[in-house]
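In: Mind looking at a prediction? Sequence and model below.
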Amino acid sequence: PDELIEAGVLRRNGDFVSATIRIQPFQQLLFLFQQDAPDTVPEESLMLISASSVEVAHLMTRRPSRKALDIGTGCGFLATLLAPFCDKVCAIDVNSAAVHAAEFNARWNGLSNISFQAGNLLAPVRGQRFDLIVCNPPFLITPVLDVFSARFLFKHSGFVGDTFCINLAREASQLLEEDGYFHMMFQWEEPHGAPWSSNLDKSFSGLGCDVWIARILTVTAEQYVTEWIEGLSETEQADAEPLTEQALRYFQDKNVATTSAGLLTLRRATHRKNYSWFDEAPDDRAEPYGASVAALFETRAYLAGLSDSALLQEQL
């Protein structure tokens, strides 16, 4: 124990010792996480590999690429998965502690083609272009911003509604090379009395990209508020009743009936008309299916560009 304490793997507290690190495996890779000390500020906390990160990992197109970008890299999970089929990967995060951990994990797994930078949003890569961009942002909707605190940075953006993720995706789309792909998981608000895709169709128009959104999960505004309240701290839950009223009023004032979570893919195509597709996500997403996503975009765009008479002559 003394040697492990000296090496920083254990810490002593009186007669007790506890681990300072946690190791999480994924496939043939290992990811190390420092256990947060009691005085660690929330802005420097690092979350484990989440289900939403795995969703993005399974979605992303794994074709040979010259240059890829991982926005909000965290422990470096997505960047590490990009590295085997990309010449160069850039990984960025606002959390300097995350950048340090991600760099360690890349080296630990024997990867040398990933560069890491700390900076807010896309600031570290302004003016650059990428063949593939992935992102698992803090996407949960915060109906009462007054309750937002730094300890929710890993899951709440701190901005009103779904604007943070939508604006991030719009900006990131302009960093794509022609035929490049952007993949992200996010959450959005859906209006009363209109198709669930109506606001999203407007939000992602005019980008020079084809758009595909696959909806995974939908809950009513009331259900969302209940779950959001349950996720607050005990101190914050002491004000559960007024917070519930405020949160419900937020959705009512915005005419929001439901919230949904799902997967966004953008494909840069400025040389032709762009298309948007909105689908319910397939139930089975347990294995990587990025090759199918690329084929889906190719086929849908090709067929959409054919006239009826040309389609009848096509040999499929």
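Out: Alright, I've got the coordinates.
In: backbone phi and psi for the nearest residue to residue 282 once chain neighbours are set aside, please?
Out: Computed as C-beta to C-beta, 6 or more residues apart in numbering, the closest residue to residue 282 that is not its neighbour in sequence is residue 214, at 7.7 Å. All C-beta atoms are positioned from the backbone trio N, CA, C, and that covers glycine. Dihedral angles of residue 214 (phi, psi; degrees, to the nearest 10) stand at phi -110, psi 120.
In: cool, residue 273 as well?
Out: Dihedral angles of residue 273 (phi, psi; degrees, to the nearest 10) stand at phi -60, psi 140.
In: Quick check, it in contact with residue 305.
Out: Yes. Between residue 273 and residue 305 there is a contact under C-beta atoms under 8 Å: 7.4 Å.
In: who has more neighbours, the two?
Out: Neighbours were counted for residue 273 and for residue 305 using other C-beta atoms under 10 Å; residue 305 has more, 12 against 9.
In: Quick check, the residue nearest to residue 282 in contact with residue 280.
Out: Yes. Counting by C-beta under 8 Å, residue 214 touches residue 280, with 7.2 Å between them.
In: Comparing those two, which residue is more hemmed in?
Out: residue 214 (19 against 11).
In: Poorly predicted segments of the stretch 101-250 of the chain, please.
Out: Within the stretch 101-250 of the chain, the segments meeting pLDDT under 70 span 147-158.
In: now the helices: where do they sit in the stretch 101-250 of the chain?
Out: Assigned by DSSP state H, counting those that start in this stretch, the helices in the stretch 101-250 of the chain fall at 163-173, 198-203, 221-230, 234-237, 240-253.
In: How is residue 74 classified with respect to secondary structure?
Out: Put simply, residue 74 is coil when judged by DSSP: H, G, I helix; E, B strand; the rest coil.
In: confidence score at it?
Out: On the pLDDT scale, residue 74 is placed at 94.
In: so who does it touch?
Out: Going by C-beta atoms under 8 Å, 6 or more residues apart in numbering, residue 74 touches 46-47, 53, 93, 95, 98, 102, 136, 154.
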